[in-house]
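S.K.: Provided below are the primary sequence and the corresponding predicted coordinates.
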Amino acid sequence: MLAESAAPPTPQEHLDESKKNKAEGHPCDDGSPSGIKNQVDGRSNAIYQLADVTGNGILAMVAKDALRSNDTTEIDKQIREKVRPFLYNDGDGAELPIHEVISQRHKERKGTDFSPAGQTPAMLMKFVCWRLDARGAVGETLLHVCFLNGLTDHMKLLAQRLIFCFPKIINDFYICDEYYGETVLHMGIVSENPEMVRFLLKCGADVSQRCSGNFFTCDDQKSTREDKWDSEHAMLSRHTSFTG
């Protein structure tokens, strides 16, 4: 008798497993060799002091107070004061050369810095608001952390006020190799949260941003991932059976 095949994971199960891997700093269970190689101690990471995946942190506590008082004055003040240093140009963002944006994921995979030295740069640029050198353990921003928490009431409020105070962070994406390109819009869709998806779209979320990290790559293409100085997304073999 043939064994009964397991049902594919639901979108929520997919998000839960992805969230668990990201929060714990583990590579995914697909055996991917890239995984998360440059973990930092969460207790020493400045982002997690503001809010972490358990719903704790300085801004998380202020968000709880804001819910109780139904007053966002203090949380907006705290966000502007404490988050601004993490952003380029006080929250206006910056256009960065693509080789700078993809350098972290390249180093995770290859163990060496990525540089277009000796080549003529095409000057492909990418808009980024949250500083590349001020990310969480897997290349996330504080806004991603709110979604990793599952958007409990106070973290949902924190996410909304972050976007209110600094609108341009809405399209910031994971910069690590495993989850490169993932924005909070992707996370809202996978978690099947139409209310939050609608909110993000109204606030200017980019529907064209592409997830191209190792996690989103077919199993038989993972080992072929290569970076090019003139391309944002990793180059892959054209041959695949589309599994994984």
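M.R.: Yep, it's here.

S.K.: And the contacts of the helix or strand encompassing Asp65?
M.R.: Using DSSP states H and E, the element containing Asp65 is helix 58-69. Residues outside helix 58-69 that contact it (Cβ atoms under 8 Å, 6 or more residues apart in numbering) are 49-52, 72, 74-75, 78-79, 82-83, 142, 153-155, 157-158, 161. All C-beta spots, glycine's among them, are computed from the backbone N, C-alpha and C.

S.K.: The protein: helices as residue ranges?
M.R.: 11-24, 46-50, 58-69, 73-83, 98-101, 103-110, 142-148, 153-165, 184-190, 194-202 (DSSP state H).

S.K.: Could you dump these into TSV and include mean neighbour count and mean pLDDT?
M.R.: Shown next, in TSV, are these (neighbours: other Cβ atoms under 10 Å; pLDDT from 0 to 100):
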stretch	mean neighbour count	mean pLDDT
helix 11-24	16	49
helix 46-50	18	95
helix 58-69	18	98
helix 73-83	16	98
helix 98-101	20	84
helix 103-110	20	71
helix 142-148	26	96
helix 153-165	21	98
helix 184-190	22	95
helix 194-202	15	97
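
S.K.: Tell me which of these approaches Ser231 most closely.
M.R.: helix 98-101 (7.4 Å; Cβ to Cβ).

S.K.: Against Gly136, how distant is the residue nearest in space to the middle of the chain?
M.R.: Nearest to the mean C-alpha position of the chain, by Cα atoms, centre = their mean, lies Tyr174 at 3.1 Å. According to Cβ to Cβ, to the nearest Å, Tyr174 stands 9 Å off from Gly136.

S.K.: Give me the common contacts of the two.
M.R.: Among the neighbours of Tyr174, those also in contact with Gly136 (Cβ under 8 Å, 6+ apart) are His144.

S.K.: dump the residue contacts of the residue lying closest to Leu132 once chain neighbours are set aside.
M.R.: Once flanking residues are discounted, Leu132 sits nearest to Ile175: 6.2 Å by Cβ to Cβ, 6 or more residues apart in numbering. Residues in contact with Ile175, defined by Cβ under 8 Å, 6+ apart, are 101-102, 104-105, 132, 135, 139.

S.K.: Now render the residues you listed as TSV, adding distance to Ser191.
M.R.: Listed next are these as TSV, based on distance: Cβ to Cβ, whole Å:
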residue	distance to Ser191
Val101	26
Ile102	27
Gln104	25
Arg105	24
Leu132	26
Arg135	21
Gly139	19
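
S.K.: closest to Gly213 among those?
M.R.: Using Cβ to Cβ, those come closest to Gly213 at Arg105, 7.4 Å.

S.K.: what about Tyr179, distance to Lys77?
M.R.: 32 Å.

S.K.: give me every residue that touches the residue nearest to Gly136 when sequence neighbours are not counted.
M.R.: Residue nearest to Gly136 in three dimensions, not counting chain neighbours: Ile47, with 4.8 Å by Cβ to Cβ, 6+ apart. The contact partners of Ile47, by Cβ under 8 Å, 6+ apart, come to 86, 134-136, 140-142, 145.

S.K.: between those residues, which is closest to Ala205?
M.R.: Thr141 (13.7 Å).

S.K.: Thought Asp172 was touching that closest one, still the case?
M.R.: Yes - when contacts are counted by Cβ atoms under 8 Å, Thr141 is listed as touching Asp172 (4.9 Å).

S.K.: any residues in contact with both of the two?
M.R.: With Cβ under 8 Å, 6+ apart as the test, Thr141 and Asp172 both reach Trp130.
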